[in-house]
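Visitor: Could you look at this predicted model? Sequence included:
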Amino acid sequence: MTIDTAELPDPEGPEDRPTPPGNPGWLSDDELSFVRGRMPIMYVEAVPVRLDGLGQVVEVGS
């Protein structure tokens with residue numbers, strides 16, 4: 001099985017790696033492609049809900 005991977009240049013220092021917009025904890029598009037080519041990544045979609053005392057959904061998304 002062949003895995004297609006992204007070729008990333010070696011950064012020379014922190015100034016060569018711009019912070020992605022938004023949350024600085026996220027990977028850039030190039031970094032994410034690089035990681036996806038080397039290991040499986042499980043994605044989970046979740047919607048927060050608020051339940052009442054009986055376990056009934058009373059609010060969604062807050």
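Guide: Received the coordinates, thanks.
Visitor: looking at this, Glu59 is in a strand?
Guide: Yes: counting by DSSP: H, G, I helix; E, B strand; the rest coil, Glu59 is part of a strand.
Visitor: Contacts only, for it.
Guide: Val49, Arg50 (CB atoms under 8 Å, 6 or more residues apart in numbering). Just so you know, the C-beta spots here come from the backbone N, C-alpha and C atoms, and that holds for glycine as well.
Visitor: For Glu45, see how far away it is.
Guide: 18 Å (CB to CB, to the nearest Å).
Visitor: what about the strands in this structure?
Guide: 49-51, 57-60 (DSSP state E).
Visitor: Direction included, what does the last one pair up with?
Guide: Pointing back at strand 57-60 there. Strand pairing for strand 57-60, using DSSP bridges, gives strand 49-51 (antiparallel).
Visitor: mean confidence score for the strand it pairs with?
Guide: When pLDDT is averaged over strand 49-51, the result is 93.
Visitor: what about Pro48, distance to Phe34?
Guide: 31 Å.
Visitor: Tell me which of these two has more neighbours.
Guide: Phe34 (15 against 8; other CB atoms under 10 Å).
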